[in-house]
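Asks: how does the following fold in three dimensions:
(2 chains)
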2 protein chains.
Amino acid sequence: MTKINKLSDSADLSEDPSKEHFIYKILNPNSVCVFGANNNLLNTMGSMQLRNIIFGGGLNGNIYPIHPRLDKVQGLKAYKSVSEVPVIPDLAFIILPPKAVPQVIEECGQKGIKNLIITSGGFREIGSEEGNKLSQEIGDITQKYNMRFVGPNCLGVYNGWYGYPEKKEAHFNTFWIYLPHKRGNISIVSQSGTVAAQTAWHSNDLGVKIGKSISIGNERNIDIVDFLEFFRDDPQTEVIGLYLEEVKRGKEFIRLAREITPKKPIVAIFAGGTEAADRSVMSHTGSLGGNNKIYDAVFKKTGIISTNAITDFLYYLRTLSYAQINKIFPKGRKVGIITESGGSGSIIAKSLELLGLKVPEFSKELQSKIAEHLPPTGSKSNPVDITFFKSYYDFFVKLPKLIIQSGEVDCIIFDGVFDFEEIFEVMEMSGFPIDEKMKGSLGAFLSEIIRPILRLTRKKSIPFFYCGPQLYSHPLYQTFLSNNLPLFDFWDQPSKCMKILCEYSEYRRNFS
Amino acid sequence: MTKINKLSDSADLSEDPSKEHFIYKILNPNSVCVFGANNNLLNTMGSMQLRNIIFGGGLNGNIYPIHPRLDKVQGLKAYKSVSEVPVIPDLAFIILPPKAVPQVIEECGQKGIKNLIITSGGFREIGSEEGNKLSQEIGDITQKYNMRFVGPNCLGVYNGWYGYPEKKEAHFNTFWIYLPHKRGNISIVSQSGTVAAQTAWHSNDLGVKIGKSISIGNERNIDIVDFLEFFRDDPQTEVIGLYLEEVKRGKEFIRLAREITPKKPIVAIFAGGTEAADRSVMSHTGSLGGNNKIYDAVFKKTGIISTNAITDFLYYLRTLSYAQINKIFPKGRKVGIITESGGSGSIIAKSLELLGLKVPEFSKELQSKIAEHLPPTGSKSNPVDITFFKSYYDFFVKLPKLIIQSGEVDCIIFDGVFDFEEIFEVMEMSGFPIDEKMKGSLGAFLSEIIRPILRLTRKKSIPFFYCGPQLYSHPLYQTFLSNNLPLFDFWDQPSKCMKILCEYSEYRRNFS
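Replies: Next comes the predicted model:
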């Protein structure tokens, strides 16, 4: 049976050069002290964040809340000051009013702590003299003690691979959102905490498997370039997502991105470049925004795939994650469409062609082979429209195999309503008898129907996208997604994602 | 308390000119005979369709299956031939192999039946001489008996308003999809059964309330122009959606569309116009497709809003439905953004500006008023970024009111995580005490928080879109949607929909 990989076969974790990088400990601390959490989960962000650090499950007893008054915070022994903590924590997590931050960092420095996440806002981004002064102060203190830090003005980090493989189910999550991403081979660095964290509802629903997500804030110390460097060497990272409002070290960014993209695709949102967006950016992270054209040129030069839409961002990441896991990179732009509906077939065909992909008419020879599996109302050209199921197996296996093996297309989009559970439910509800044998055989759908196609598409390096009109919450859809099979819940995204995958594959071929 | 309308206040059903139209009886038959259904729900589309006609609940005993062998079909008495049916049915529904269709129509004609839905495929669209001949035959027979019919090669009709207001919960649904749309003021006519029917999962999830949906097929007799005429006069229709592969009666289409769009907006997908799309269209409904430029010109001339994407299609319909229900049409293109996150605020601002809308910086006076409701980290310009909640009421009511009443913007997009149930769940799960009083007061969210804003935006004709990062399945999101409040589950669609609404409002103003 075809193995359906969760991470790429190439991810050899025994040799992991990223372990030597200074960022490693920030994502994988063995002990953490937390400033600014209490027992009020509704009104304080820091309490929500501590709650999530605790619920990550990997740190066990090694979480040390620091609180001037409370003896216990969220069930943990609290300390009046970091100096009282019985160990030197690998990481200090700070969410306090900005004025209190320099003093606390000083104490952390004296304690010997080397890594910080400073969540607090109120520095450079508020545009006041006081904010800039505080920003300079924390820069000076951390330099004195040789400390590195993420932030300020950030949500911190999520590491779905914390302690892996020893700790199977743990994660390390400093976000206030209580929903962790589902881990996979995608890593995100974001100048927006919202893009890093609050995408989790959608990413989980769509099957976008984010293993690491970083809200990097004002980048007073650690910046996007540092994280690019880390992710370049991280075997758990195979696709990188960026949310950018500015790039501080332009040259290093370009050099690193060019080095990375031929092996690990990068997808970016640049959110500045228009008048109000720049105003928003200025007050958000205090950066000056930038020119759309400059960023477009940088993205082109470095092979970075860019978009302005958050939905596309997540879909492109998912598509490239699938391509990396299965090592499926199409060799051209010719797309075959198999559908059970003329309408969705037309919509998909048109969008592909408007995006610059080809939907070639099949050869007479292939058409006559296809016709054997179609009812008289069906269409055997391209799109192949079966109009209705004569046989499940023909639709899901025989027709796809014929077209994959024909060599006439480089990619396939497969569209239909392939839903068993709901049909059985309707039958039961409507008082119809149910053939239990049939119900059982459809349970083997994944092993007998889907895996043979996956095996063949891997062999031929032909991406095969499934799509249908139901919701991702459908149990069968979730089965596809949990197995990293590219399933789409409607007819718009498959074409856009196929275009991105074709373009990236062309780019990548230039380096092979 | 503000009334939240389900249909427009203007929908006076006592005077309903559409009742005189010949289409009325096809959507509202008092009795139906069905050819081509049996008791096998899994393998025959017609059986699924009969099941759905039965489950619509409005027809009671007035459904007459015709079957040559069976005595009972799905629990109903079956008749060997339509001549044996004890009444003259208002409508015959036919899904039989194409060769059997002419004979059955002849029998229906002799019986005195005047309206047909012919679902069967295998006519003009298969491109054979035999298909064309059969098509001609059914044309001749129906002409002889003065019959009107939808189809062939269609799924038929869905009428969510069947028997309304006497029958509160009934609908009439001949689709094979078992999920009916949730009824509202949107009506769809589609040359694709899939677009008419298989959008129901998404339309229901997104709160796109479709009252009537027509799969019109090959248009051998009744065409899109007939339905436009019907929907023009139908008080239950306030927004119209079209899926087009061709328009047969071009002049009449243009004339009617121009008459309708100033009062009832029309959104269209034209799915032909590229090479493979035209090939798909040809085999789908047998039409010749057409030129994108010609269709674009027609849409422009008639004020029809067009898109190639099915997701946009549904969102635009929903947006215009909200505008019609609440009579909210913005007076300009200036948009205010209220957010709790810099990242999503920047994404929304940029997309608005790229789409040609304005996000003006607020006046100093307004900014100083806004600042009173913000923490020091907040941003008072436009976007207004509160960064975090100081007070629910300030965020949801005071800030919006300030900005609505300022007169500085024509539209507002409001973005945040406004989720109570999940936070309470997390608190309970994490062992935190829950303030039951708070839980109770948040239950009044809709009446105390949302309705005052709705009232004010109606008064000022300022569209107010809510958006957040959670899924539509969230109970609070569904509460918004069931009350026709425009809520978006992410940060891309609000800008696109606002653009459409601004453009349509400008267009409409030219006629007032």
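Asks: what residues are up against the residue of the stretch 201-350 of chain A found nearest chain B?
Replies: Proximity to chain B, evaluated over the stretch 201-350 of chain A using C-beta to the nearest C-beta, is greatest for A:Gly343 at 2.3 Å. No exception for glycine: its C-beta is placed from N, CA and C like everyone else's. Neighbour list for A:Gly343: B:Ser190, B:Gln191, B:Ser192, B:Gly193, B:Thr194, B:Val195, B:Tyr243, B:Ala271, B:His284 [criterion: C-beta atoms under 8 Å, 6 or more residues apart in numbering or on different chains].
Asks: among the residues you listed, which pair sits farthest apart?
Replies: B:Gly193 and B:Ala271 (13.2 Å; C-beta to C-beta).
Asks: who has more neighbours, these two?
Replies: Per other C-beta atoms under 10 Å in any protein chain shown, whichever of B:Gly193 and B:Ala271 has more neighbours is B:Ala271, with 32 against 28.
Asks: which residue packs closest to the residue in the stretch 151-300 of chain A positioned nearest to chain B, ignoring adjacent ones?
Replies: Per C-beta to the nearest C-beta, A:Ser192 is where the stretch 151-300 of chain A lies closest to chain B, at 2.4 Å. In space, and not counting its chain neighbours, A:Ser192 is closest to B:Gly343: 2.4 Å by C-beta to C-beta, 6 or more residues apart in numbering or on different chains.
Asks: what strand or helix carries that neighbour?
Replies: B:Gly343 is part of helix B:342-354 when elements are defined by DSSP states H and E.
Asks: and that helix, what's buried?
Replies: Within helix B:342-354, the residues scored as buried using 16 or more other C-beta atoms under 10 Å in any protein chain shown are B:Gly342, B:Gly343, B:Ser344, B:Gly345, B:Ser346, B:Ile347, B:Ile348, B:Ala349, B:Lys350, B:Ser351, B:Leu352, B:Glu353.
Asks: for stretch A:399-411, same thing?
Replies: So for stretch A:399-411, counting by 16+ other C-beta under 10 Å, buried means A:Leu399, A:Pro400, A:Leu402, A:Ile403, A:Ile404, A:Glu408, A:Val409, A:Asp410, A:Cys411.
Asks: ditto for stretch A:55-69
Replies: Neighbour-count burial for stretch A:55-69, counted by 16+ other C-beta under 10 Å, picks out A:Gly56, A:Gly58, A:Leu59, A:Ile63, A:Tyr64, A:Pro65, A:Ile66, A:His67.
Asks: give me the subset of those lying in helices.
Replies: Counting by DSSP state H, the buried residues of stretch A:55-69 place none of their members in helices.
Asks: check the residues you listed and tell me the two furthest apart.
Replies: Top of the distance list for those (C-beta to C-beta): A:Gly58 and A:His67, 22.6 Å.
Asks: any idea whether A:Ile138 is helix, strand or coil?
Replies: helix (DSSP: H, G, I helix; E, B strand; the rest coil).
Asks: quick one: contacts for the closest residue to A:Gly58 other than its chain neighbours?
Replies: Nearest non-adjacent residue to A:Gly58, counting by C-beta to C-beta, 6+ apart: A:Ala170, 3.2 Å away. A:Ala170 makes contact with A:Gly56, A:Gly57, A:Gly58, A:Tyr162, A:Gly163, A:Tyr164, according to C-beta under 8 Å, 6+ apart.
Asks: let me know the pLDDT of the first one.
Replies: The predicted structure scores A:Gly56 at 95 on the pLDDT scale.
Asks: ok, now how distant is it from B:Pro330?
Replies: Per C-beta to C-beta, to the nearest Å, A:Gly56 is found 45 Å from B:Pro330.
Asks: show me the contacts of A:Gly343 that map onto strands.
Replies: Members of those lying in strands (criterion: DSSP state E): B:Ser190, B:Tyr243.
Asks: need the contacts of A:Gly343 in CSV with distance to B:Tyr393 and pLDDT, can you?
Replies: Listed next are the contacts of A:Gly343 as CSV, based on distance: C-beta to C-beta, whole Å; pLDDT from 0 to 100:
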residue, distance to B:Tyr393, pLDDT
B:Ser190, 45, 98
B:Gln191, 50, 95
B:Ser192, 47, 95
B:Gly193, 48, 95
B:Thr194, 46, 95
B:Val195, 43, 97
B:Tyr243, 44, 97
B:Ala271, 47, 92
B:His284, 54, 71
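Asks: count of neighbours near A:Glu238?
Replies: 24.
Asks: you'd agree it is up against A:Ala323?
Replies: No - using C-beta atoms under 8 Å as the test, A:Glu238 is too far from A:Ala323 to be in contact (9.2 Å).
Asks: the helix or strand containing A:Thr142 vs chain B: in contact?
Replies: When elements are assigned from DSSP H and E, A:Thr142 belongs to helix A:129-144. No - shown here: helix A:129-144 not in contact with chain B (C-beta under 8 Å from any C-beta of the partner chain), separated by at least 9.0 Å.
Asks: what average pLDDT does that helix get?
Replies: The model assigns helix A:129-144 a mean pLDDT of 94.
Asks: go through it and flag the buried ones.
Replies: Quick answer for helix A:129-144 (16+ other C-beta under 10 Å): A:Gly131, A:Leu134, A:Ser135, A:Glu137, A:Ile138, A:Ile141, A:Thr142.
Asks: show me how far that helix is from its chain's centre.
Replies: 33 Å (C-alpha atoms, centre = their mean, to the nearest Å).
Asks: give the other helices and strands that that helix contacts.
Replies: helix A:101-111, strand A:148-150 (3 or more C-beta pairs under 8 Å, 6 or more residues apart in numbering or on different chains; DSSP states H and E).
Asks: nearest to B:Phe480, out of the ones you listed?
Replies: The nearest among these, by C-beta to C-beta, is strand A:148-150 at 35.4 Å.
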